[in-house]
Structure formats: structure tokens, C-alpha cells
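Enquirer: Sequence first, then the predicted structure:
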Amino acid sequence: MKLNGQKPWGDGVNVENLWQLIENNTLALVKCVPDTSDIRQVNPQEFEFKIMVRMGPVSGTFNSRVKIESIDKASGRVAMTLNSKGPGAVMNASITATISQTGVSYDADINLSGLLAAVGERLIRNYIDGKLNEFLNNLVKLAKTGQC
């Protein structure tokens, strides 16, 4: 499944401060992901955490790992992979975010198996879009205030 979107920053976002976090304190960004707990830094660009998922018949804690594959400030691109495994379901995603002075856009290629694959695509899209929007709102807060 392909997913893409964009979010404007609005007023008061210091994009240079955001890049400092991306390059030097990725943990602060991971803490902005909604419904996460037990965040553990595996290495400077890789994190494990638990995420609570409630979507149709799929409900439970997913063990997840996100890895920042590349950061290219010159082009504004950050590429990452996300792997999550939970009760009867697995999700793997490759995500590219493009950060500009006006906002962020993202493209994701998501592979689902198990119960997640059985859930309707519309329900999955709405759920993921909602969580991504919540994360991006938290990112805007982080860029403005230094906290999610």
C-alpha cells in the first residue's frame, strides 16, 4: 500500500532547530510518535519501542523498530524503515520525508500481513493517516517549543 501526504508548519517553526534534532537527537523525535512506550535506543539512528494499536479487529501492543536509513539535509530528505509485529499481524514500511521551510511531505510504502492485511484498506489508511497527522502535529510542537 502506498501512502503520501503533506503538512504545513504554520507560523513559528524554526526548521534549523528541527534539523538539529534530526541530526543530533533523534530520540526526541521518536518520543513524539503517538501511543509509544518503552523506547530504547539501539544505536544512534535505530530505536525499539512498543506501540499500542487499536484498529478494527486488531488491538494490542506491537513491538516496533525504526531505523533512520539516511539524512540528507541538502535535499531535505530523511529516509527510514519501520518494522512492527503484534498479535497476529506484521507491518513493514519504508518512509521518505522531505522537510522544507514551509512544511513536510512524506511517501510511504507499507506491507501488511496477518490480521492487518485482512482489515479493509480504507480503515488502515484512515488509521495510519490519523496517527501520522498526530505525529506531525507533535513534530510541529517540537520544532516550535522543543517539546512534543
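Expert: Yep, it's here.
Enquirer: which stretches of this structure have low pLDDT?
Expert: 120 (pLDDT under 70).
Enquirer: could you pull out the strands for the protein?
Expert: 2-8, 36-43, 46-55, 58-72, 77-86, 89-99, 103-114 (DSSP state E).
Enquirer: how close does the residue lying closest to residue 118 once chain neighbours are set aside sit to residue 63?
Expert: Once flanking residues are discounted, residue 118 sits nearest to residue 57: 7.7 Å by CB to CB, 6 or more residues apart in numbering. The C-beta positions use only the backbone N, C-alpha and C, and glycine is treated the same way. Residue 57 sits 19 Å away from residue 63, going by CB to CB, to the nearest Å.
Enquirer: hang on, residue 5 packs against residue 131?
Expert: No. Counting by CB atoms under 8 Å, residue 5 stays clear of residue 131, with 11.8 Å between them.
Enquirer: The closest residue to residue 44 other than its chain neighbours and residue 60, how far apart?
Expert: Closest residue to residue 44 apart from its sequence neighbours, by CB to CB, 6+ apart: residue 26 at 7.2 Å. Between residue 26 and residue 60 the computed distance is 26 Å (CB to CB).
Enquirer: what about these two, which has more around it?
Expert: residue 26 (20 against 14; other CB atoms under 10 Å).
Enquirer: wait, isn't the more buried one in contact with residue 43?
Expert: No. In terms of CB under 8 Å, residue 26 does not count as a neighbour of residue 43; the distance is 10.2 Å.
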